[in-house]
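coords below, sequence missing:
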């Protein structure tokens, strides 16, 4: 009986363990995602740490993940292929990510090319007519992350 109970407790603690990826996080507390979005121009080029719910992960190489908050703010965490591999089963879990905030001015053509690429990787259909104009995109060039155990 003790062996079964010990095994069950051990399995639960393994499932609930945090998964650390990349470099260790340096900030003590993550900034709210809404705060990073609101201050994005001021934070460009600075190392920031954010916390949010994982809504999507690159299904080919695990090279990016999207985080969101209760207000619907969204921020992509992007890494070079192989530097960090975000687990594909992280969707729905909370995560903390750290890296330098980048600002990219993207043309309509660049947005279409990126969306086509992502659609092909994930097996989704994409209609280029949905993209009307270019836009400014902010992303976090990730250096480290923690996928929080549930």
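Received, thanks. It should be emphasised that the depicted structure is a prediction, and the values quoted were computed from it without experimental measurement.

just the strands in this protein please.
19-22, 31-32, 47-57, 64-68, 74-78, 94-106, 135-147 (DSSP state E).

okay if I get the ones you listed as TSV plus mean pLDDT?
TSV is the format used below for the strands of the chain (pLDDT from 0 to 100):
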stretch	mean pLDDT
strand 19-22	96
strand 31-32	92
strand 47-57	96
strand 64-68	96
strand 74-78	96
strand 94-106	96
strand 135-147	96
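
pick the most deeply packed of the ones you listed.
strand 64-68 (a mean of 22; mean count of other CB atoms under 10 Å). Bear in mind the C-beta positions are built from the backbone N, C-alpha and C, glycine included.

same for that strand, what does it pack against?
On a contact count with 3 or more CB pairs under 8 Å, 6 or more residues apart in numbering; DSSP states H and E, strand 64-68 meets strand 47-57, strand 74-78, strand 94-106.

for those strands, give me TSV that also has distance to residue 127.
Output for the helices and strands packed on strand 64-68, formatted as TSV (distance: least, CB to CB, whole Å):
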stretch	distance to residue 127
strand 47-57	18
strand 74-78	20
strand 94-106	18
